[in-house]
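K.L.:
structure of the sequence below:
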Amino acid sequence: MVLVLAVFGGCGRKAEEVRPADVIFDTDANNELDDQHAIAYLLLNGDAFNVLGITTNATRVGGPASEHSREACRVVSLIGKAGEGIPVIDGATANFLEIRDSVGNDTFDGCEAVDFIIGKAGAYTPDNPLTLIAVGKLTNVALALVKDPGIARNIRLVWLGSNYPQPGEYNMENDVPAMNYVLDTDVPFEMVTVLGKDGHGTDYVRVPLDFVRKTFAGLGPHVDTPVEGRHGGEFSCFGDYAVDLFEHIDLKGPEKTRALYDMAAVAIVKNPEWAVPYEIPAPEYVDGKWVARDGNPRKIVVWDDFSKDEIVKDFIETLKAAE
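P.N.:
You can find the predicted model right below:
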């Protein structure tokens with residue numbers, strides 16, 4: 001196994017670096033609860049991230065892209081960033097193969113998000129890339145690369161998806177052709193695993209309901225105008241909304257836990273020492289399984305073995321520091 005950080009010095013960002021990374025966050029925020037934590041973590045880490053915008057797409061759960069945008073806007077408002085000009089932009093509701101042949105039209109499903117990604121990426125270079133953190137299906141990203149292949153080398157794509165090398169995973173299965181298309185482009189691609197090799201992918205970064213109630217409640221900046229939650233009620237800080245999200249979702253095991261997958265993906269962009277990266281020839285996913293392409297000159301990065309305690313601790317400290 002070749003550690004990518006030893007080979008590609010720019011793969012991750014050390015926490016002590018001063019200049020924040022310019023980021024677009026591509027999300028299915030209304031899907032469950034990890035996206036919301038990721039958005040809060042991104043926007044409250046101004047020393048690490050400069051968020052240019054949030055794009056959304058639909059998955060099987062959560063309704064059309066507009067509903068995912070609505071949920072993202074809730075979080076932006078809850079942490080007091082609603083007036084700071086961070087756009088939240090509807091992306092694709094349909095899937096890649098349904099939209100691909102329409103990208104030359106003036107309008108198509110997801111065009112606003114696709115054009116936003118292209119417009120921003122054009123201002124960057126391979127030596128100074130735009131960081132695109134995608135935590136849902138890869139439809140918006142794949143469509144942007146179809147419409148303007150020239151942006152590929154201007155982007156660092158960090159995608160939360162797949163159980164590589166195991167089969168399955170929700171984000172991937174929502175649009176496998178989009179993922180396979182991106183795997184065959186030359187965009188620098190980092191795959192953040194969910195289950196991972198030994199169960200220590202982002203699924204390992206899970207917290208119990210009791211812990212969330214005791215620790216998250218009341219945390220984060222408090223806003224003057226309460227925000228209506230997805231499940232009703234009104235909230236004045238993100239920590240209280242986080243508790244409500246946990247109380248309205250299926251929890252796992254006797255400890256009643258849920259994973260913060262997407263937040264963990266953001267965390268390792270902030271500090272790459274919180275997971276282990278390795279490089280592989282870009283595979284493809286065919287008939288429900290990964291197919292290795294050992295001779296493929298195109299390489300991608302896979303992130304695994306996440307440091308749960310450090311990531312959760314930093315999330316809590318981020319909320320506390322913003323109060």
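K.L.:
distance of Lys306 relative to Asn296?
P.N.:
Slight slip there: residue 306 is Phe, not Lys. For Phe306, the distance to Asn296 equals 26 Å [C-beta to C-beta, to the nearest Å]. (Glycine included, C-beta is placed from N, CA and C.)
K.L.:
oh sorry, the question was meant for Thr131
P.N.:
As defined by C-beta to C-beta, Thr131 lies at a distance of 24 Å from Asn296.
K.L.:
please apply the same query to Ala265.
P.N.:
To Asn296, Ala265 is 24 Å away according to C-beta to C-beta.
K.L.:
these two: who's more crowded?
P.N.:
Neighbours per residue, other C-beta atoms under 10 Å: of Ala265 and Asn296, the larger number sits with Ala265, 29 against 15.
K.L.:
distance of that one from His37?
P.N.:
Following C-beta to C-beta, the distance that separates Ala265 from His37 is 11 Å.
K.L.:
what does Ala275 give?
P.N.:
Distance of Ala275 to His37, computed by C-beta to C-beta: 17 Å.
K.L.:
which of these two has more residues huddled nearby?
P.N.:
For the pair Ala275 and His37, the greater number of neighbours falls to Ala275 (27 against 24), based on other C-beta under 10 Å.
K.L.:
in the stretch 101-250 of the chain, which spans are strands?
P.N.:
In the stretch 101-250 of the chain, strands defined by DSSP state E, counting those that start in this stretch lie at 130-134, 155-160, 189-192, 206-208, 227-228, 234-235, listed in chain order.
K.L.:
redo those strands as a markdown table? Include mean neighbour count and mean pLDDT.
P.N.:
Supplementary listing: the strands of the stretch 101-250 of the chain in a markdown table, determined by neighbours: other C-beta atoms under 10 Å; pLDDT from 0 to 100:
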| stretch | mean neighbour count | mean pLDDT |
| --- | --- | --- |
| strand 130-134 | 25 | 98 |
| strand 155-160 | 25 | 98 |
| strand 189-192 | 26 | 98 |
| strand 206-208 | 20 | 97 |
| strand 227-228 | 16 | 97 |
| strand 234-235 | 16 | 98 |
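K.L.:
okay, those in CSV with distance to Leu78 next?
P.N.:
What follows is the strands of the stretch 101-250 of the chain, written out as CSV (distance: least, C-beta to C-beta, whole Å):
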stretch, distance to Leu78
strand 130-134, 20
strand 155-160, 22
strand 189-192, 25
strand 206-208, 19
strand 227-228, 5
strand 234-235, 6
